[in-house]
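In: I need the structure of the sequence given here:
(one chain, ligands or ions: 2)
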Amino acid sequence: MEERERHIIYDAIFTISEAKEKAPELKGVPTGVTGLDDLFYVVEWKGKKPHRKSLGGIPLGCVANLTGMPDTGKSLMAEQFTIKQASLGEPVCFVTVETPASYLSVGLEQRAKAMGVDFKEIEEKIIILDAASYARLREDMPTLLDTLAHIYRTYKVHRTVIDSVTGLYEAREMLARSIVRALYTFCKKWYQTALFISQKRSSHEELSAEAAGGYAVGHIVDCSMVLSKELILSARAAQLYKVEVGEIVRLFRIDGCRMCGHDTRIHLMDITELGLVKIGPPLVEVLKAKGENK
Ligand SMILES: Nc1ncnc2c1ncn2[C@@H]1O[C@H](COP(=O)(O)OP(=O)(O)OP(=O)(O)O)[C@@H](O)[C@H]1O
Ligand SMILES: [Mg+2]
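Out: Ligands and ions are numbered 1, 2, ... in the order given. Alright, predicted model coming up:
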(Lines give C-alpha, C1' and ligand atoms only; values in the text may rest on other atoms or scores of the structure.)
(Ligands and ions follow the chains in the order given, each with its own letter.)
Protein backbone atom coordinates (compact mmCIF):
# COMPACT_ATOMS: atom_id res chain seq x y z
CA MET A 1 0.00 0.00 0.00
CA GLU A 2 1.30 3.45 -0.86
CA GLU A 3 2.09 5.55 2.14
CA ARG A 4 0.00 8.68 2.65
CA GLU A 5 1.90 11.91 2.26
CA ARG A 6 2.14 13.75 5.57
CA HIS A 7 0.62 17.20 5.90
CA ILE A 8 1.65 19.26 8.88
CA ILE A 9 0.00 22.65 9.13
CA TYR A 10 2.72 24.58 10.92
CA ASP A 11 0.74 27.85 10.77
CA ALA A 12 -1.92 26.30 13.01
CA ILE A 13 0.47 25.60 15.89
CA PHE A 14 1.06 28.23 18.59
CA THR A 15 2.63 28.40 22.01
CA ILE A 16 0.61 30.55 24.41
CA SER A 17 3.05 33.44 24.13
CA GLU A 18 2.88 33.35 20.33
CA ALA A 19 -0.93 33.20 20.44
CA LYS A 20 -1.07 36.08 22.93
CA GLU A 21 0.87 38.37 20.59
CA LYS A 22 -2.05 38.37 18.18
CA ALA A 23 -4.81 38.69 20.79
CA PRO A 24 -6.67 42.00 20.87
CA GLU A 25 -6.50 43.99 24.09
CA LEU A 26 -9.52 43.37 26.36
CA LYS A 27 -11.38 46.65 26.21
CA GLY A 28 -14.89 47.86 25.51
CA VAL A 29 -16.32 49.10 22.23
CA PRO A 30 -19.21 51.49 23.05
CA THR A 31 -22.49 50.48 21.44
CA GLY A 32 -24.46 53.71 21.53
CA VAL A 33 -27.23 51.83 23.37
CA THR A 34 -27.88 53.39 26.77
CA GLY A 35 -27.62 50.87 29.59
CA LEU A 36 -25.87 48.18 27.57
CA ASP A 37 -22.16 48.96 27.82
CA ASP A 38 -21.91 48.50 31.58
CA LEU A 39 -23.38 45.00 31.41
CA PHE A 40 -19.98 43.74 30.23
CA TYR A 41 -17.21 43.69 32.81
CA VAL A 42 -13.76 42.44 33.74
CA VAL A 43 -12.72 41.28 37.17
CA GLU A 44 -9.93 43.29 38.79
CA TRP A 45 -8.08 42.27 41.91
CA LYS A 46 -7.50 44.71 44.73
CA GLY A 47 -5.18 42.68 46.92
CA LYS A 48 -7.12 39.47 47.44
CA LYS A 49 -10.49 41.03 46.70
CA PRO A 50 -11.96 40.68 43.23
CA HIS A 51 -14.23 43.42 41.99
CA ARG A 52 -16.10 44.10 38.78
CA LYS A 53 -14.99 46.87 36.46
CA SER A 54 -17.27 47.85 33.61
CA LEU A 55 -15.82 47.21 30.19
CA GLY A 56 -17.80 50.13 28.78
CA GLY A 57 -18.96 48.27 25.70
CA ILE A 58 -18.86 44.95 23.92
CA PRO A 59 -15.36 43.42 23.97
CA LEU A 60 -12.99 44.64 21.25
CA GLY A 61 -12.67 42.00 18.54
CA CYS A 62 -15.82 40.19 19.53
CA VAL A 63 -18.28 38.86 17.01
CA ALA A 64 -21.67 39.23 18.65
CA ASN A 65 -25.00 37.82 17.58
CA LEU A 66 -28.05 39.97 18.20
CA THR A 67 -31.21 37.97 17.83
CA GLY A 68 -34.93 38.28 18.36
CA MET A 69 -38.34 38.03 16.81
CA PRO A 70 -39.52 40.59 14.23
CA ASP A 71 -39.95 44.11 15.52
CA THR A 72 -37.90 43.76 18.69
CA GLY A 73 -35.32 46.50 17.99
CA LYS A 74 -32.41 44.60 16.38
CA SER A 75 -31.98 46.95 13.44
CA LEU A 76 -32.29 50.00 15.67
CA MET A 77 -29.49 48.70 17.88
CA ALA A 78 -27.36 47.94 14.82
CA GLU A 79 -27.88 51.51 13.59
CA GLN A 80 -27.09 52.98 17.01
CA PHE A 81 -23.85 50.98 17.13
CA THR A 82 -22.93 52.23 13.66
CA ILE A 83 -23.59 55.88 14.49
CA LYS A 84 -21.77 55.67 17.82
CA GLN A 85 -18.67 54.07 16.33
CA ALA A 86 -18.60 56.45 13.36
CA SER A 87 -18.93 59.40 15.76
CA LEU A 88 -15.85 58.08 17.58
CA GLY A 89 -13.99 58.19 14.27
CA GLU A 90 -14.14 54.45 13.52
CA PRO A 91 -15.05 53.46 9.97
CA VAL A 92 -17.94 51.00 10.01
CA CYS A 93 -18.97 48.57 7.27
CA PHE A 94 -22.73 48.00 7.31
CA VAL A 95 -23.75 44.97 5.25
CA THR A 96 -27.42 45.50 4.59
CA VAL A 97 -29.20 42.33 3.55
CA GLU A 98 -32.83 43.34 4.15
CA THR A 99 -33.03 47.06 3.36
CA PRO A 100 -31.55 48.67 0.21
CA ALA A 101 -28.74 51.17 0.84
CA SER A 102 -30.79 54.31 0.16
CA TYR A 103 -33.46 53.36 2.73
CA LEU A 104 -30.84 52.38 5.26
CA SER A 105 -29.10 55.73 4.91
CA VAL A 106 -32.37 57.48 5.80
CA GLY A 107 -32.69 55.29 8.92
CA LEU A 108 -29.09 56.00 9.89
CA GLU A 109 -29.63 59.73 9.51
CA GLN A 110 -32.69 59.54 11.79
CA ARG A 111 -30.72 57.56 14.35
CA ALA A 112 -27.88 60.12 14.26
CA LYS A 113 -30.34 62.94 14.82
CA ALA A 114 -31.94 61.13 17.76
CA MET A 115 -28.49 60.52 19.25
CA GLY A 116 -27.46 64.16 18.82
CA VAL A 117 -24.75 63.34 16.26
CA ASP A 118 -24.16 65.54 13.21
CA PHE A 119 -24.71 63.09 10.35
CA LYS A 120 -22.71 65.19 7.87
CA GLU A 121 -19.65 64.78 10.11
CA ILE A 122 -19.78 60.98 10.01
CA GLU A 123 -21.23 60.15 6.59
CA GLU A 124 -17.84 59.21 5.15
CA LYS A 125 -17.16 56.86 8.04
CA ILE A 126 -20.07 54.58 7.15
CA ILE A 127 -19.52 52.21 4.24
CA ILE A 128 -22.70 50.45 3.18
CA LEU A 129 -22.49 47.14 1.33
CA ASP A 130 -25.85 46.65 -0.36
CA ALA A 131 -26.48 42.92 -0.37
CA ALA A 132 -30.21 43.63 -0.43
CA SER A 133 -29.97 44.89 -4.01
CA TYR A 134 -27.18 42.60 -5.24
CA ALA A 135 -28.27 38.95 -5.00
CA ARG A 136 -24.79 37.63 -5.78
CA LEU A 137 -23.54 39.02 -2.47
CA ARG A 138 -26.23 37.03 -0.67
CA GLU A 139 -25.86 33.85 -2.65
CA ASP A 140 -22.13 33.53 -3.28
CA MET A 141 -20.02 33.57 -0.13
CA PRO A 142 -16.61 33.98 -1.87
CA THR A 143 -17.90 37.11 -3.64
CA LEU A 144 -19.21 38.52 -0.37
CA LEU A 145 -15.90 37.85 1.39
CA ASP A 146 -13.79 39.29 -1.46
CA THR A 147 -15.92 42.44 -1.47
CA LEU A 148 -15.64 42.75 2.30
CA ALA A 149 -11.85 42.30 2.16
CA HIS A 150 -11.73 45.07 -0.43
CA ILE A 151 -13.75 47.36 1.87
CA TYR A 152 -11.59 46.52 4.91
CA ARG A 153 -8.42 47.33 2.97
CA THR A 154 -9.68 50.45 1.25
CA TYR A 155 -11.46 52.09 4.16
CA LYS A 156 -9.37 50.65 7.03
CA VAL A 157 -12.45 49.19 8.66
CA HIS A 158 -12.51 47.35 12.01
CA ARG A 159 -16.25 47.45 12.73
CA THR A 160 -18.76 45.34 10.84
CA VAL A 161 -22.53 45.08 11.06
CA ILE A 162 -24.51 42.47 9.13
CA ASP A 163 -28.28 42.97 9.16
CA SER A 164 -29.10 40.18 8.86
CA VAL A 165 -27.09 36.97 8.53
CA THR A 166 -30.44 35.14 8.32
CA GLY A 167 -30.97 36.80 4.94
CA LEU A 168 -27.82 35.07 3.71
CA TYR A 169 -29.26 31.59 4.21
CA GLU A 170 -32.84 32.18 3.24
CA ALA A 171 -34.34 29.00 1.75
CA ARG A 172 -31.16 27.05 2.54
CA GLU A 173 -31.23 26.93 6.28
CA MET A 174 -29.18 23.74 6.50
CA LEU A 175 -26.25 25.96 5.48
CA ALA A 176 -26.80 28.41 8.34
CA ARG A 177 -23.94 27.11 10.45
CA SER A 178 -21.38 26.96 7.67
CA ILE A 179 -22.32 30.45 6.44
CA VAL A 180 -22.12 31.97 9.90
CA ARG A 181 -18.89 30.04 10.59
CA ALA A 182 -17.29 31.41 7.39
CA LEU A 183 -18.29 34.98 8.28
CA TYR A 184 -17.15 34.54 11.88
CA THR A 185 -13.70 33.24 10.87
CA PHE A 186 -13.37 35.99 8.29
CA CYS A 187 -14.25 38.74 10.78
CA LYS A 188 -11.76 37.29 13.28
CA LYS A 189 -9.01 37.20 10.65
CA TRP A 190 -9.62 40.87 9.85
CA TYR A 191 -9.83 41.90 13.53
CA GLN A 192 -13.40 43.11 13.23
CA THR A 193 -15.63 43.92 16.15
CA ALA A 194 -18.86 42.74 14.61
CA LEU A 195 -22.59 42.62 15.16
CA PHE A 196 -24.42 39.84 13.33
CA ILE A 197 -28.17 40.31 13.44
CA SER A 198 -30.21 37.12 13.19
CA GLN A 199 -33.93 36.58 13.12
CA LYS A 200 -35.66 34.24 15.42
CA ARG A 201 -38.61 32.09 14.50
CA SER A 202 -41.66 32.10 16.71
CA SER A 203 -41.14 28.40 17.48
CA HIS A 204 -37.87 29.09 19.31
CA GLU A 205 -38.30 29.71 22.98
CA GLU A 206 -38.28 33.46 23.68
CA LEU A 207 -35.12 34.16 25.68
CA SER A 208 -33.28 30.85 25.44
CA ALA A 209 -29.89 29.99 23.93
CA GLU A 210 -31.65 28.37 21.01
CA ALA A 211 -33.29 31.71 20.61
CA ALA A 212 -29.89 32.94 19.49
CA GLY A 213 -30.67 32.65 15.84
CA GLY A 214 -31.53 28.98 16.01
CA TYR A 215 -29.45 26.45 14.13
CA ALA A 216 -26.81 26.65 16.86
CA VAL A 217 -25.50 29.96 15.54
CA GLY A 218 -24.98 30.89 19.18
CA HIS A 219 -22.28 28.24 19.54
CA ILE A 220 -20.19 29.83 16.82
CA VAL A 221 -20.14 33.50 17.79
CA ASP A 222 -18.41 34.98 20.87
CA CYS A 223 -21.46 36.63 22.36
CA SER A 224 -25.23 36.39 21.99
CA MET A 225 -27.80 39.00 22.94
CA VAL A 226 -31.51 38.28 22.79
CA LEU A 227 -34.36 40.74 22.43
CA SER A 228 -37.99 39.89 22.97
CA LYS A 229 -41.34 41.52 23.45
CA GLU A 230 -44.35 40.39 25.35
CA LEU A 231 -47.83 41.46 24.50
CA ILE A 232 -49.68 41.94 27.74
CA LEU A 233 -52.99 40.24 27.13
CA SER A 234 -54.04 39.01 30.56
CA ALA A 235 -54.88 40.88 33.73
CA ARG A 236 -52.40 38.67 35.54
CA ALA A 237 -49.48 39.64 33.30
CA ALA A 238 -50.53 43.29 33.49
CA GLN A 239 -50.51 43.10 37.26
CA LEU A 240 -47.12 41.39 37.32
CA TYR A 241 -45.40 44.04 35.18
CA LYS A 242 -47.63 46.84 36.50
CA VAL A 243 -48.71 47.92 33.04
CA GLU A 244 -52.07 48.03 31.30
CA VAL A 245 -53.56 45.14 29.33
CA GLY A 246 -52.72 45.78 25.67
CA GLU A 247 -49.31 47.30 26.35
CA ILE A 248 -45.99 45.79 25.25
CA VAL A 249 -43.18 44.85 27.61
CA ARG A 250 -39.78 44.61 25.94
CA LEU A 251 -37.05 42.39 27.38
CA PHE A 252 -33.31 42.03 26.82
CA ARG A 253 -30.74 39.51 27.91
CA ILE A 254 -27.09 38.69 27.24
CA ASP A 255 -27.25 35.00 26.51
CA GLY A 256 -23.53 34.42 26.81
CA CYS A 257 -20.17 36.03 26.11
CA ARG A 258 -17.00 34.01 26.10
CA MET A 259 -14.65 37.00 26.03
CA CYS A 260 -15.47 38.70 29.34
CA GLY A 261 -17.82 38.72 32.32
CA HIS A 262 -21.37 39.86 31.73
CA ASP A 263 -24.68 40.44 33.43
CA THR A 264 -26.90 37.38 33.01
CA ARG A 265 -30.22 38.79 34.17
CA ILE A 266 -33.27 39.61 32.09
CA HIS A 267 -33.55 43.38 31.71
CA LEU A 268 -36.45 45.58 30.77
CA MET A 269 -35.88 47.39 27.49
CA ASP A 270 -37.46 50.40 25.91
CA ILE A 271 -37.72 51.89 22.43
CA THR A 272 -38.11 55.63 22.76
CA GLU A 273 -40.34 57.81 20.58
CA LEU A 274 -37.26 58.86 18.61
CA GLY A 275 -36.53 55.23 17.85
CA LEU A 276 -33.67 54.60 20.26
CA VAL A 277 -33.24 51.33 22.14
CA LYS A 278 -32.46 51.70 25.85
CA ILE A 279 -31.67 48.86 28.21
CA GLY A 280 -33.42 49.28 31.53
CA PRO A 281 -33.01 47.75 35.00
CA PRO A 282 -33.04 44.00 35.67
CA LEU A 283 -36.56 42.61 35.74
CA VAL A 284 -36.03 41.07 39.17
CA GLU A 285 -35.30 44.48 40.71
CA VAL A 286 -38.34 46.04 39.10
CA LEU A 287 -40.62 43.27 40.35
CA LYS A 288 -39.13 43.49 43.85
CA ALA A 289 -39.57 47.26 44.01
CA LYS A 290 -43.15 46.93 42.83
CA GLY A 291 -43.83 44.27 45.42
CA GLU A 292 -42.54 46.58 48.16
CA ASN A 293 -44.73 49.46 47.00
CA LYS A 294 -47.91 47.42 47.28
N1 LIG B 1 -37.88 55.83 13.74
C2 LIG B 1 -38.56 55.22 14.70
N3 LIG B 1 -39.18 55.93 15.65
C4 LIG B 1 -39.84 55.33 16.63
N5 LIG B 1 -39.95 54.00 16.75
C6 LIG B 1 -39.36 53.24 15.85
C7 LIG B 1 -38.62 53.80 14.78
N8 LIG B 1 -38.12 52.80 14.05
C9 LIG B 1 -38.55 51.67 14.62
N10 LIG B 1 -39.29 51.93 15.70
C11 LIG B 1 -39.94 50.95 16.60
O12 LIG B 1 -38.99 49.96 16.92
C13 LIG B 1 -39.50 48.70 16.57
C14 LIG B 1 -38.33 47.79 16.23
O15 LIG B 1 -37.77 48.14 15.02
P16 LIG B 1 -36.56 47.36 14.34
O17 LIG B 1 -36.57 47.75 12.90
O18 LIG B 1 -35.30 47.62 15.08
O19 LIG B 1 -36.97 45.83 14.52
P20 LIG B 1 -36.17 44.51 14.13
O21 LIG B 1 -35.97 43.75 15.38
O22 LIG B 1 -34.98 44.84 13.31
O23 LIG B 1 -37.25 43.71 13.24
P24 LIG B 1 -37.08 42.78 11.95
O25 LIG B 1 -36.70 41.40 12.43
O26 LIG B 1 -38.44 42.79 11.35
O27 LIG B 1 -36.03 43.39 11.07
C28 LIG B 1 -40.46 49.00 15.45
O29 LIG B 1 -41.44 48.04 15.31
C30 LIG B 1 -41.08 50.29 15.92
O31 LIG B 1 -42.07 50.03 16.89
MG1 LIG C 1 -34.55 44.59 11.27
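
In: surely residue 122 touches residue 112?
Out: Yes: contact status for residue 122 versus residue 112: in contact at 6.8 Å, counting by Cβ atoms under 8 Å. C-betas here are computed from N, CA, C, even on glycine.

In: any shared contact partners between the two?
Out: Residues touching both residue 122 and residue 112 (Cβ atoms under 8 Å, 6 or more residues apart in numbering) are 83, 87.

In: if you count what's nearby, which of the two comes out ahead?
Out: Using other Cβ atoms under 10 Å, the more surrounded residue of residue 122 and residue 112 is residue 112, with 25 against 22.

In: for ligand 1, see how far away residue 227 is.
Out: Applying Cβ to the nearest ligand atom, to the nearest Å, the value for residue 227 to ligand 1 is 7 Å.

In: would that residue count as being in a strand?
Out: Yes: assigned with DSSP: H, G, I helix; E, B strand; the rest coil, residue 227 falls within a strand.

In: need the per-residue pLDDT for the nearest residue to it once chain neighbours are set aside.
Out: Nearest non-adjacent residue to residue 227, counting by Cβ to Cβ, 6 or more residues apart in numbering: residue 68, 3.4 Å away. Model confidence at residue 68, given as pLDDT, is 91.

In: also the one 10 residues further on?
Out: Residue 78 is assigned 98 on the pLDDT scale.

In: and it, what does it touch?
Out: 66, 94, 161, 163, 195, 197.

In: ok, now residue 86?
Out: 92, 117, 122, 125, 126.

In: now it, what's its secondary structure?
Out: Classification of residue 86 using three-state DSSP returns helix.

In: please apply the same query to residue 154.
Out: Secondary structure, three-state DSSP: residue 154 is helix.

In: from ligand 1, how far off is it?
Out: Residue 154 sits at a distance of 28 Å from ligand 1 (criterion: Cβ to the nearest ligand atom).

In: how about residue 108?
Out: Noted for residue 108: a distance of 11 Å to ligand 1, by Cβ to the nearest ligand atom.

In: after the helix or strand where that residue lies, next one along is what?
Out: Element membership for residue 108 (DSSP states H and E) is helix 101-114. Using DSSP H and E, the helix or strand that follows helix 101-114 towards the C-terminus is helix 119-122.

In: re earlier: nearest to residue 282, of the contacts of residue 86?
Out: residue 117 (28.8 Å; Cβ to Cβ).

In: please name the nearest non-neighbouring residue to the closest one.
Out: Closest to residue 117 by Cβ to Cβ, 6+ apart is residue 87, at 4.7 Å.

In: equivalent analysis for residue 53, please.
Out: Spatial nearest neighbour of residue 53, excluding adjacent residues (Cβ to Cβ, 6+ apart): residue 44 at 4.9 Å.

In: count of residues packed around the one you found?
Out: 10.

In: with the one 5 residues further on instead?
Out: The local packing of residue 49 (other Cβ under 10 Å) involves 7 other residues.

In: just residue 235 next, same as before
Out: Neighbourhood size, residue 235 [other Cβ under 10 Å]: 10.

In: do residue 15 as well
Out: Each residue near residue 15 was counted by other Cβ under 10 Å, and the total is 7.

In: got the residues of the stretch 51-200 of the chain near ligand 1?
Out: 68, 70, 71, 72, 73, 74, 75, 76, 110, 199 (Cβ under 6 Å from any ligand atom).

In: contacts made by the strand or helix carrying residue 180 with the rest, please.
Out: Using DSSP H and E, residue 180 falls within helix 176-189. Residues from elsewhere that reach helix 176-189 (Cβ under 8 Å, 6+ apart): 61, 63, 141, 145, 148, 160, 162, 165-166, 168-169, 194, 196, 213-217, 220-221.

In: could you redo the last one with a cut-off of 7 Å?
Out: The contact list for helix 176-189 (Cβ atoms under 7 Å, 6 or more residues apart in numbering) reads 63, 141, 145, 148, 160, 162, 165, 168-169, 194, 196, 215-217, 220-221.

In: buried sites along that helix?
Out: By neighbour count on 16 or more other Cβ atoms under 10 Å, the buried set for helix 176-189 is 176, 177, 179, 180, 182, 183, 184, 186, 187.

In: ok, now stretch 239-247?
Out: residue 241.

In: any idea how far whatever residue of the stretch 151-294 of the chain ends up closest to ligand 1 lies from residue 32?
Out: Ligand 1 sits closest to residue 275 of the stretch 151-294 of the chain, with a gap of 2.7 Å, by Cβ to the nearest ligand atom. Per Cβ to Cβ, to the nearest Å, residue 275 is found 13 Å from residue 32.
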